[in-house]
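Engineer: This is a predicted model, with the sequence first.
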Amino acid sequence: MSITPDKLDEMVRPNIQALAPYRSARDDFETGLLLDANENSYGSPFPEASGLNRYPHPIPKELRTRIAKWRDVEPEQVFTGVGSDEAIDLLIRIYCEPGKGSILTTPPTYGMYNVSAKIHNITVHEIPLTASFQVQTEAILEKARTERPSILFLCSPNNPTGNDLDRTQILKLIELFPGLVVVDEAYIDFSKQESMAPMVRQYPNLVVLQTFSKSFGLAGIRLGLAFAAPNVINWMLKVKSPYNINTLTARMALKAFDHMEMIRFHIAELRKERERVANALGKLVAVETVFPSQANFLLFRIRDAEQVWKTLTEQGIIIRYRGNEPGCTNCLRATIGLPDENDRLIRALQSITS
Ligand code: PMP
């Protein structure tokens with residue numbers, strides 16, 4: 001049995017529990033002679049911005065409903081944020097008391113869990129992934145018993161390693177971790193695994209993060225999602241800034257659902273390219289390991305990684321050096337590009353290392 005909703009609510013910071021959230025004009029009235037929000041009644045200054053003199057609704061209702069349908073959850077189980085980074089930040093702000101609270105992460109993993117925690121003066125406990133980049137379930141649970149972190153951040157497929165975390169272990173952690181378990185699924189659409197989002201119906205302490213920045217190809221609109229029990233979502237809505245999702249973002253995101261075929265096509269191509277690039281990298285003598293990836297990038301271990309990275313950069317080919325992270329000595333991470341971009345990367349690596 002996972003932690004109960006009541007126990008979770010007790011973990012919310014007292015000042016947040018006591019907070020009377022800001023009520024924006026559109027919370028109360030949506031139609032009529034709207035002279036309540038100090039907008040500019042003359043309108044926007046140029047035709048392309050028509051309608052943008054008005055504030056958006058505090059929650060983009062139509063988009064929320066569309067997303068809920070797509071991921072098989074209820075609209076009340078969806079939070080829309082300015083990238084999933086906003087959701088990470090909000091969860092830490094809601095459940096961790098600055099100077100006292102803590103979170104648990106499993107490095108090597110996405111850097112923002114750590115940065116967000118540090119911004120709020122929250123301790124970060126770390127239980128590294130194993131050599132095959134899987135969670136150490138017992139060690140995590142032991143740390144949870146001694147340090148009582150409020151939130152466990154898991155990332156699957158994991159950035160920067162690319163692999164899926166073992167689903168059985170994730171489920172065990174959701175059942176036994178005495179706090180919130182965040183499963184960051186930024187790359188889930190590139191994976192063979194199904195999303196865990198519908199499981200928020202069963203587990204009161206599960207938060208699934210997703211984003212429009214990767215498989216949807218819309219990083220520029222800054223739209224991230226959190227799926228969770230309505231209890232958790234309501235705390236997030238209480239703390240978020242009033243109009244976090246702007247009109248243009250909501251419009252573009254809704255439009256994306258009319259183009260799912262193209263999105264699926266891009267995903268399929270990226271997956272094919274991922275396998276092709278993995279094979280090609282594996283043939284280079286300097287490459288020691290290409291780690292199996294279910295994401296839209298590849299992590300690989302290569303001789304003299306830092307020097308190789310520098311030389312690539314000088315040639316205008318920009319990938320990430322990841323050698324400083326636990327378990328990632330001499331590792332580079334490359335996003336899968338278009339076929340000719342990938343060829344350029346492979347050719348450059350070949351000539352640098354031979
Ligand atoms: N989670 C992971 C694992 C990521 O790699 C990223 C972006 N690189 C994010 C979240 C943040 O995504 P967004 O653009 O939605 O803020």
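Structural biologist: Sure, I can see it.
Engineer: For whichever residue of the chain sits closest to the ligand, report the pLDDT, please.
Structural biologist: Nearest to the ligand in the chain, going by Cβ to the nearest ligand atom, is Gly83, at a distance of 2.5 Å. (Glycine included, C-beta is placed from N, CA and C.) pLDDT recorded at Gly83 is 97.
Engineer: How about the contacts made by it?
Structural biologist: Gly83 makes contact with Thr211, Ser213, Arg222, Leu223, Gly224, according to Cβ atoms under 8 Å, 6 or more residues apart in numbering.
Engineer: could you point out which element follows the helix or strand bottoming out on mean pLDDT in the chain?
Structural biologist: Every helix and strand of the chain was ranked by mean pLDDT, DSSP states H and E. The lowest is helix 25-28, at a mean of 83. Using DSSP states H and E, the helix or strand that follows helix 25-28 towards the C-terminus is helix 61-71.
Engineer: circling back: how close does the residue of the chain closest to the ligand sit to Pro107?
Structural biologist: Using Cβ to Cβ, to the nearest Å, one gets 21 Å for the distance from Gly83 to Pro107.
Engineer: For the stretch 201-350 of the chain, just list every one of the strands.
Structural biologist: Secondary structure of the stretch 201-350 of the chain (DSSP state E, counting those that start in this stretch): strands located at 206-211, 224-227, 287-290, 297-302, 320-321, 331-335.
Engineer: need these in a markdown table with distance to Pro157, mean pLDDT and mean neighbour count, can you?
Structural biologist: As requested, the strands of the stretch 201-350 of the chain are arranged in a markdown table below (distance: least, Cβ to Cβ, whole Å; pLDDT from 0 to 100; neighbours: other Cβ atoms under 10 Å):
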| stretch | distance to Pro157 | mean pLDDT | mean neighbour count |
| --- | --- | --- | --- |
| strand 206-211 | 12 | 98 | 26 |
| strand 224-227 | 16 | 98 | 26 |
| strand 287-290 | 15 | 98 | 16 |
| strand 297-302 | 9 | 98 | 24 |
| strand 320-321 | 16 | 98 | 16 |
| strand 331-335 | 12 | 98 | 21 |
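Engineer: This structure against the ligand: which residues are in contact?
Structural biologist: Proximity of the chain to the ligand, by Cβ under 6 Å from any ligand atom, involves residues Gly83, Ser84, Asp85, Tyr110, Cys155, Asn159, Asp184, Ala186, Thr211, Ser213, Ala219, Gly224.
Engineer: pLDDT at the fifth one, what is it?
Structural biologist: Cys155 is assigned a pLDDT of 98 by the prediction.
Engineer: correct me, but it touches Asp184?
Structural biologist: Yes: at 4.2 Å, Cys155 and Asp184 qualify as touching, with contact defined as Cβ atoms under 8 Å.
Engineer: mind checking how far the closest residue to Leu35 other than its chain neighbours is from Thr137?
Structural biologist: Closest residue in space to Leu35, ignoring its immediate chain neighbours: Ser41 at 7.5 Å, by Cβ to Cβ, 6 or more residues apart in numbering. Distance, Ser41 to Thr137, using Cβ to Cβ: 59 Å.
Engineer: Please say which of those two ends up with more neighbours.
Structural biologist: Per other Cβ atoms under 10 Å, whichever of Ser41 and Thr137 has more neighbours is Thr137, with 17 against 10.
Engineer: does the more buried one really touch Ile174, like I thought?
Structural biologist: No: under the criterion of Cβ under 8 Å, Thr137 makes no contact with Ile174, lying 11.0 Å away.
Engineer: Mind jotting down where the strands sit in the stretch 51-200 of the chain?
Structural biologist: So, for the stretch 51-200 of the chain - with DSSP E, counting those that start in this stretch - the strands run 78-81, 102-105, 123-126, 151-155, 180-184.
Engineer: sorry, back to before: now for the strands of the stretch 201-350 of the chain, which one comes closest to Thr31?
Structural biologist: Closest to Thr31 of these is strand 224-227 (Cβ to Cβ; 28.2 Å).
Engineer: Run through who's touching the closest one.
Structural biologist: Contacts for strand 224-227 (Cβ under 8 Å, 6+ apart): 67, 71, 73, 77-87, 91, 197, 200, 207-213, 232-233, 236.
Engineer: One more pass at 6 Å, please.
Structural biologist: Contacts to strand 224-227, defined as Cβ atoms under 6 Å, 6 or more residues apart in numbering, come from residues 73, 77, 79, 81, 83-84, 87, 197, 200, 207-211.
Engineer: For that strand, which strands pair with it and how are they oriented?
Structural biologist: In its sheet, strand 224-227 lies beside strand 78-81 (antiparallel), strand 206-211 (antiparallel), with partners assigned from DSSP bridges.
Engineer: okay, the first one in CSV with CA atoms only?
Structural biologist: So that's strand 78-81. What follows is strand 78-81, C-alpha atoms only, in CSV (Å, rounded to 0.1, in the frame of the first residue of the first chain):
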residue,chain,number,x,y,z
VAL,A,78,-3.6,17.1,-15.3
PHE,A,79,-1.4,20.2,-14.5
THR,A,80,-0.1,22.3,-17.4
GLY,A,81,3.1,24.2,-16.7
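Engineer: what does that strand contact?
Structural biologist: Residues outside strand 78-81 that contact it (Cβ under 6 Å, 6+ apart): Pro60, Arg64, Ile67, Ala68, Ala87, Gly224, Ala226, Ile233, Met236, Ile245.
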